[in-house]
Structures are given as structure tokens and as C-alpha cells.
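model the structure of this input:
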Amino acid sequence: MTVGTVAPSAWPKARKLRISGSYYATYLLLGLMLTSIGPCMNDLEEQTGSSTSAVGFLVVILSLGYMAGSIVGGRLYGGLFGHRIMSTSMLAMAAATLTIPWLGELWLLIVAFFLIGLALGIVDVGGNTLLVWLYGSEVPPYMNALHLCFGIGAFIGPLVMNGFAAATGSAVNTYWLYAALMLPAVLWLAEMPSPEAPTAAQASPALGGALRRYWPIIALISAFFFMHMGAELAFGAYITSYADDLFYSESLARVVNSVFWGGLVAGRLLAIPLATRLRAGGMLRIDLLGAILGVGLILLLPDATAALWVGTIVLGMSIASMIPSSINYAGERMPITGQITALFLVGGSLGSTILPLIVGRLYGDAPNTRPEMMVYVTAIAVVAAVALFAALALATRRSPAGEDAAITS
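I've put the predicted structure just below:
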């Protein structure tokens, strides 16, 4: 549904705000769901009678589903049916989420979380793409607000699970609330007109030509996404268990998890004014320096609770703006299309799959495993991200094509 032949970016401001509001509500739910496994990992172990490493595999499954959904979503969106795709995916996710507290077998949870990840990936691609189509060149502040909503959901999720654990005896029961909250978002999306692709998208360079011309940038940024998104999810998924081993208090450990995502929210809030004063490269340098300081503090003072609190929030704040800054950095050097952005996100999805899997293998229940391996894996990923950014800076320079590039998604 469109308003005559008027481009979505020219629609009345009130209409666009109502539509973007539905995206913001959806992304808050994405933040709740994508970060939900870590805070309730112990309860999932009890529910299924499984080990920490076995339940930690659910993080990998969720990421695999998300990666598959991102690939599928990149092919689905177009024409007039974007909101229909998003609302249908949200409804399917609500149905799968509703079943989680009743599933006592690990293999059933694997199926459920894969389906949830699939829906999450489709919805994530849709939110980013449709928001760009809706606002056109005016999208940057609205895009920052979109990802801020994700961070808010990730921040409040562990606190909500703490409340449900105290009230019902299991944090897993929180999934019933999440499923119920998805239904209003489904209805909101379904009743809003869906923006269609701008004509500029039809003039975007073909993927094959872009790969031939810009493959070093695409490869390096995809690898950069692999490292920083993988570090974010690996740390976010296992920080509750790590803090529980340090504090011997699961409820306090969930607060540490919330502090990490709270740092993410704070970082995204700070990134809005900073991005108006600094270029993307400057933003990324600050982000990487902060990430090194945060994870380095935890690594150097493993027995200090203060170091864990401070390092966790600094790491969260530093990782916060890496995704938009990375895309902006690429956009200064090459045209950005939906297919190219999808390649970046696939790199990030692979990192979000592989690094938590490595942590799960190293941080398990066997006698020779150690909780601090989570910090080591995160630190290695951050150092690798620094090296990749240095290689990217050496391999690229600003080009006229990049200066005029438009994010068409």
C-alpha cells in the first residue's frame, strides 16, 4: 500500500513517525530475544537436564537461524509487501517463543530457537531496509534510534528475567511475556502502509560488479563484522555464567549482563552527537580503543569485581556504534546496496555463530575447562578487529564513488 505515486520519503511526517514507531517496537523485542539465552542459561540447563556447553549451543543455533533469515530476508523485501513479511515473521516468532517454557528436551529447544532466529533475521533485514526507504537521505538519526531500541531491549531483558525468576521460580517463563508482547507489534505493522523501494535502488551497481571493484573493502569489513559481532554475542551470552562463578549469585550475575547491554544503550546515545562531529574512521578508532581497555581490564584483574563491572560497561559502550560506523566507513569508499550490506551482516552472523561456539567448547563442565576462556576469546576477537581495521585503512582511500554513494538497502 502506498500513498498514490508519492515516494515514501515525501510522505507526511506524522505518517512516517507512526510507521517508524512500529519498527522501534519491533526492535525492542529483537533486543529482548537475541540476548535472552544467557540470562536464563542455568534455568534452561535444569529444564532440559543438560550441561552448560550443551545449552550454550542454543546461542549458536539462534545465530544460524538469524543468518539464514538474513539471507532469505534480503530476497523477500521489495514491492508493497514489506510489512506483511515482517508481521508474518513476528507472528511465527511469537508462536515459537510461546512454547519454550514447555520444552523439556534440548533438541526441541534447538528447533524452536532456530525458527526464532530465522524470524529475527527476516525482521532485522526488513527494519533496516524499510526505514531507509521511508526516510531516504534523512535516515541517519532514525537509524540510530532504531538500533538504540534494540539496545534498550537487551538492557532490560536480564532485569525482567530476574523478576520472573523471583516470581515464578524460573527465568524461562519470561518467554511467555515476550510472546504476548509480540502480538501488538504484529497488529501495528499489519495496519501501517509499507514503503516501497526508491527508484535509486534500481540504479544500484550489480553485486558482481561491486565485488570485482571493491572486494578488498567488502572482505575486510565482513571480517571486521565477524570479529566485533562475534565478540559482542559471545561476551553477552556468557557474562552471566562468568559473573555467577565470580559472585556466586545468579541474580547479581544477571545484573552484570544487564550492565553490558546498558553500556550498549549508553554508547548508542553518545554516538548520535559524536557522529555529527567525527567521521566514521574516527568513531571506529574510539570504539576499538575503548574495547581494548574494557576487555583488557577484565583480563588483567580477573579476581577484581570492580574491574568486571567497569570493564563490562566500557566494552558495551565501545561495541555499541561499530555496526553503523562500519557501514558509514564503507559508504565513504564505495556505493552501499542491500546485497553488499547483507554480505557484511553474513560476516557478522558467522562470527555470532562461531565465537560463542568456541566459548561453549572451552567454557563447559569438564574439569579442564576454565570460565576465563570467555574473556580470552573476546580479547582475541577485539585485537583481531583492530588489526583488520588497520589493514582496511591501508587498503582503502576515499573515492568519488564513495562520496556520492547512497544507502539504498
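
next SSE downstream of the longest helix seen in the chain?
Using DSSP state H to define each element, the chain has its longest helix at helix 207-247. Note on helix 207-247: by DSSP states H and E, the next helix or strand toward the C-terminus is helix 250-275.

name the residues of the next helix or strand after that following helix that are buried.
Counting by DSSP H and E, the next helix or strand C-terminal to helix 250-275 is helix 280-300. Residues of helix 280-300 classed as buried by neighbour count (16 or more other C-beta atoms under 10 Å): 280-281, 283-288, 290-292, 294-298. The C-beta positions use only the backbone N, C-alpha and C, and glycine is treated the same way.

cool, stretch 159-179 as well?
Here stretch 159-179 shows 160-162, 164-165, 170-176, 178-179 as buried, counting by 16+ other C-beta under 10 Å.

quick one: which of the buried residues of helix 280-300 is nearest Met86?
For those, the residue nearest Met86 by C-beta to C-beta is Ala280; the value is 28.2 Å.

residue contacts, the closest one?
Applying C-beta atoms under 8 Å, 6 or more residues apart in numbering to Ala280 gives the contacts Ser325, Ser326, Asn328, Tyr329, Gly331, Glu332.

ok, the third one - how many residues close by?
Yep, that's Asn328 we're talking about. Asn328: 19 surrounding residues under other C-beta atoms under 10 Å.

can we start the residue count at 9 from this point?
Yes, from this point I'll number from 9; that puts the last item at Asn336.

still on that earlier bit, which of the contacts of Ala288 scores worst on pLDDT?
Ranked by pLDDT, the contacts of Ala288 bottom out at Gly339 (70).

any idea how far Pro332 is from that one?
Computed with C-beta to C-beta, to the nearest Å, the distance linking Gly339 and Pro332 is 10 Å.

TSV please, covering the buried residues of stretch 167-187 and showing distance to Gly57.
Formatted as TSV, the buried residues of stretch 167-187 follow (distance: C-beta to C-beta, whole Å):
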residue	distance to Gly57
Val168	25
Met169	20
Asn170	23
Phe172	21
Ala173	19
Ser178	14
Ala179	17
Val180	14
Asn181	18
Thr182	20
Tyr183	19
Trp184	21
Tyr186	24
Ala187	24
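
list the ones among these that fall in helices.
Short answer: those in helices (DSSP H) are Val168, Met169, Asn170, Phe172, Ala173, Thr182, Tyr183, Trp184, Tyr186, Ala187.

nearest spatial neighbour of the fourth one, skipping sequence neighbours?
Excluding the flanking residues, the one nearest Phe172 by C-beta to C-beta, 6 or more residues apart in numbering is Thr182, at 4.2 Å.

the third one too?
If the residues on either side of it in the chain are set aside, Asn170 comes closest to Arg262, at 5.0 Å by C-beta to C-beta, 6+ apart.

next one: that neighbour from Val354, what distance?
Counting by C-beta to C-beta, the gap from Arg262 to Val354 is 31 Å.

neighbour count: the two, which is higher?
Per other C-beta under 10 Å, whichever of Arg262 and Val354 has more neighbours is Arg262, with 26 against 17.

now do the more buried one, the pLDDT please.
80.

between the contacts of Ala288, which sits nearest Leu126?
Using C-beta to C-beta, these come closest to Leu126 at Ser334, 24.3 Å.

helix or strand for that closest one, which one?
Using DSSP H and E, Ser334 sits within helix 330-339.

relative orientation of that helix and helix 288-308 in degrees?
Between helix 330-339 and helix 288-308, the angle comes out at 140 degrees (axes from the mean of the first three to the mean of the last three C-alpha atoms, to 10 degrees).

any idea of the angle helix 330-339 forms with helix 258-283?
Using the same axes, to 10 degrees, the inter-axis angle of helix 330-339 relative to helix 258-283 is 30 degrees.

what's downstream of helix 330-339, the next helix or strand?
Downstream of helix 330-339, the next assigned helix or strand under DSSP H and E is helix 346-370.

what does stretch 129-137 rub up against?
Counting by C-beta under 8 Å, 6+ apart, 31, 34-35, 38, 73-82, 84-85, 90, 93-94, 97-98, 101, 151, 154, 346, 349-350, 353, 357, 417 sit against stretch 129-137.

quick one: buried ones out of these?
The neighbour count (16+ other C-beta under 10 Å) marks 31, 34-35, 38, 73-79, 81-82, 84-85, 90, 93-94, 97-98, 101, 151, 154, 346, 349-350, 353, 357, 417 as buried among the contacts of stretch 129-137.

do you know how far Ala179 is from Ser257?
Distance, Ala179 to Ser257, by C-beta to C-beta: 14 Å.

can you give me the end-to-end span of stretch 46-66?
Length of stretch 46-66, first residue to last, C-alpha to C-alpha, to the nearest Å: 10 Å.

list the buried ones in that stretch?
Buried residues in stretch 46-66 (16+ other C-beta under 10 Å): 46-53, 55-56, 58, 60-66.

chain center to the longest helix of the chain, what's the gap?
On the basis of C-alpha atoms, centre = their mean, to the nearest Å, helix 215-255 sits 10 Å off its chain's mean C-alpha point.

tell me which other helices or strands that helix touches.
With contacts defined as 3 or more C-beta pairs under 8 Å, 6 or more residues apart in numbering; DSSP states H and E, the secondary structure elements packing on helix 215-255 are helix 49-56, helix 60-84, helix 258-283, helix 288-308, helix 313-327, helix 330-339, helix 346-370, helix 381-403.
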